[in-house]
Structures are given as C-alpha cells and as structure tokens.
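In: no sequence for this one, just the structure:
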C-alpha cells in the first residue's frame, strides 16, 4: 500500500534485474491496484529503490460511481387500458452512462392487489443482465388483469418495479399502474376506494359485479363512481376536477364509441354544478384507443341559501348525481379465451351496446 487509505496497492516485490547488455537487459511487469473509497480524484507516490537512485512514480486515479438511468426518466409507468385477460406491454430503456459495464437485476415488489386467479398481473423481461459502457437495454413491462377491481379508479392494480445496480447511489424505482375493463368504453379518474389496497378483498369485487347488468342497465344496477373535489371553495369561488372517458383498443381494432352526459337537475345547476366535456358538449365521440375529458365544476353563488352552514363560517358538503351513457366501442362479448383456450377472441361489432354509469360529485363549501 502507498497511502493510509489503501486506495493504491501492489504486492511486495523484490527482484534482481540483469543489466542492460548486448541482449537488451532484463525487464518485468508490475500490476498496481486502484480501489477508490468513493467519488473523486486520488493521488499517491510509489518508490522503486535501485542501487543507483530511487525512482519515484506518481500515481493518480479517479473514483466514479456507477450510474444507470431510465429512459424516459419516470417514477410511474401507466400501462395501456385493456380488457380483462388481455396482455398489454410498455417498454422502458436502461442506459449505462458509466465508462464500464454494469449488471442489473429487476425486482417486482409491493403488490397491492393481485389477480383473483393468483397469477401475477405485472411482469418484466429480462429480469437481469449486463449493460456495456454507454449502451442500452430495453425492459418490457407486461400487464394482464383478470377482473375490473373498482370502476373508475385510477389505480386498479399497482406494483413497484425496483431495478438494482450494485453500488449505485441513485435508486431506480418505478410504480406500475394497470387497469382492466369489462367493457370497451370506461370512465377513469374517480375516487380511490380504500379497500382496493387489500389483495384478498375479493368479496367486494364479486358484490360490485353482481350489482351490474351487462344488458339494459337500470337505475339500480348501473356502475357507480364517486368524484370528490378536494379543494374547498368559498362562495362565488370555483373548483373543478377532470376525469376521462376512454375507449379500449384491442389487437389493433379501433371501434368508435360515444358518451352522453344526462342533464343536471335545476337544483344542482342552481347550486353551481356543471358537468361537460372538455369541448363543452354533452355528447361526444371517443375513437378507439383514445380518451376524452369530462370536467366537473362547482361554483357556488355569492350569497348562499339562508339555511347553508356557510353563513356561519362552517364547511358544508354539496353533492350532485347524474348519469353518463356510454355506447359503442369494441365488443366485450368477443373477449375472453379463443377457440384454442389461450389467447383472447377478436373484437367484434358493438353497435347498440349501451352502458350507464352513475356519477357522483362531492365538494365542501366554506
């Protein structure tokens, strides 16, 4: 060792070399080790003692931390919306920015809700490998859900993808989010049910599905979702929240659908509620594989009613309910297992298919 930090080192060597003569003399090769304790530049002196004069060799080295980055750099990866039992994929890229090769290992952990058939909803390949200096490695993330966990929830299925690179300081952690739908058209962006985090709460899912009719839905068995506007609003103020109506694309099939927002009651309008599409329309088409926004707005009048708690400086909940009628899209009847019992069936026509969603908005006036 040449310094007290053991950064540079070489095995103790004592060897006689023949003098230079007609045959050119003798020579030897010495291997010097460099093990930096951290990042930064390091220096030391090595002395070779000879019968004539000592030879001093100045040693320098730079310690670098391994660094692997994700492209795109993200902390959350939303998987494409899909039908139940349909597998979808997203690609992440690992880039090695270090001047040396780096190994990596992928770990899936912290699954908050799994499939009812005990299969893993998320997957990643390859699970491990080595990336050469300056090179990249694609990671394919897969998702396949076997049930519609909670209608309207942004996060039906979630799991953490941890990519471990030895000695790297920066943590590579990505939250995976997936949604599986029973119907082509859907609404997403509602409140997250507390029970959704329980992977064994299959009873709620079964009860939820039992309340819904696949054909000719009625007032009592329609799907229901709640949207809470978290920001408290003062009289004459305004608060809003945007949710989305989407249309699942399957196997490249793009079937158009549309939605209609039923009019609010005069009482709800007087309170300050409005629910319209992003373009201000109550009816709008949703092409396959795309989304359209719904904006829920609450703007209470400047002077509340005499019975309102806002007159006493207290908060008061206001609630509105309406229906959104979803129609068209790819056929859900065509989904499921194919004739070979493996892959999904192809999507068919869904002309006339109609589904009603009960939408409830909540907010507080103070």
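Out: Yes, it's here. Here the structure is a predicted model, which is why all the values come from computation and not from measurement. Numbering: from 1, shown residues only.
In: correct me, but residue 246 touches residue 183?
Out: No - using C-beta atoms under 8 Å, residue 246 is not in contact with residue 183, being 10.6 Å away. Every residue, glycine included, has its C-beta placed from N, CA and C.
In: can you list the weak-confidence ranges in the stretch 201-350 of the chain?
Out: Within the stretch 201-350 of the chain, the ranges that satisfy pLDDT under 70 run 201-222, 250-254, 331-350.
In: for it, just list every one of the helices.
Out: 202-210, 266-271 (DSSP state H, counting those that start in this stretch).
In: which pLDDT value belongs to residue 71?
Out: At residue 71, the predicted lDDT confidence score is 93.
In: quickly list what it is bridged to.
Out: residue 93 (DSSP bridges).
In: ok, how many other residues are close to it?
Out: 12 (other C-beta atoms under 10 Å).
In: what residues are up against it?
Out: Residue 71 makes contact with 92, 93, 94, 95, 136, according to C-beta atoms under 8 Å, 6 or more residues apart in numbering.
In: what's the answer for residue 171, then?
Out: Residue 171 neighbours (C-beta under 8 Å, 6+ apart): residue 162.
In: what does residue 247 give?
Out: 184-186, 255-257, 286-291, 329-330 are the contacts of residue 247 under C-beta under 8 Å, 6+ apart.
In: wait, which of the residues you listed is closest to residue 307?
Out: Nearest to residue 307, judged by C-beta to C-beta, of the contacts of residue 247 is residue 186 at 38.4 Å.
In: what distance do you get for residue 121 to residue 288?
Out: From residue 121 across to residue 288, the span is 23 Å (C-beta to C-beta, to the nearest Å).
In: which of those two has more residues huddled nearby?
Out: residue 121 (25 against 21).
In: that one contacts residue 143, doesn't it?
Out: Yes - in this structure residue 121 lies within contact range of residue 143 using C-beta under 8 Å: 6.0 Å.
In: between those two, what contacts are shared?
Out: In contact with both residue 121 and residue 143: 157, 178, using C-beta under 8 Å, 6+ apart.
In: of the contacts of residue 247, buried ones?
Out: 184, 185, 186, 255, 256, 257, 286, 288, 289, 291, 329, 330 (16 or more other C-beta atoms under 10 Å).
In: the second one and residue 277, how far apart?
Out: Between residue 185 and residue 277 the distance, using C-beta to C-beta, works out to 14 Å.
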